[in-house]
Each structure stands twice: as structure tokens, then as C-alpha cells.
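**Q** could you work out the structure for the sequence below:
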Amino acid sequence: MLAQMKKRSLGFLLCGAMLLSCVAMTGCQVSVGGQTLPSGYFIHDDIQYFPKGPEFKLSREAAALKAARSEAELSR
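**A** From the prediction side, this is the model:
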């Protein structure tokens, strides 16, 4: 009975140690006070850069619609 109890407690201890090591090896991203704090691997992350563009994304489409409307008015 005592040997079986030792085996069980050793198993729980081993399982807990493996769980703790898995948690320690993974990076976690957490939000504290409105700040997003990086994970442990933030140095290796690729940087995403989005260049500044026009505020109105459909400027060419709007110009084409305006030209089509003006052509339609002229053909009347």
C-alpha cells in the first residue's frame, strides 16, 4: 500500500513538473493596465509595417463613378 502511494505521488510530482516546464517554455502575451506586454519571443517576431496610405481607400472608384456620372449628364 505504501509503495503504491509513493508511486502515485511520484507520478503527480512528475506530471506537475512537466506542466510547469511547459508553461515556463511558452511565451505569454498579457494585457496589464491597457498595455499589451510582449511574450518571451517578441525579439524573434517579424515586424509588420503598413505604409501610410490614403484615408479614403476607394478614391479610384469614386473618381470613376464621378466621371461616369458626368458622361451620363453630358449625353442627356
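
**Q** work out which residue lies at the spatial centre of this protein.
**A** Gln29 (9.4 Å; CA atoms, centre = their mean).

**Q** hang on, isn't that one packed against Asp45?
**A** No: counting by CB atoms under 8 Å, Asp45 is not a contact partner of Gln29; they are 10.4 Å apart. No exception for glycine: its C-beta is placed from N, CA and C like everyone else's.

**Q** need the residues touching each of these two.
**A** Residues touching both Gln29 and Asp45 (CB atoms under 8 Å, 6 or more residues apart in numbering) are Pro38.

**Q** name the SS class of Gly53, please.
**A** Gly53 falls in the coil class when you classify it by DSSP: H, G, I helix; E, B strand; the rest coil.

**Q** let's number from 57 now, not from 1
**A** Shifting the count to begin at 57 puts that one at Gly109.

**Q** that one: neighbour count?
**A** For Gly109, the neighbour count with other CB atoms under 10 Å is 8.
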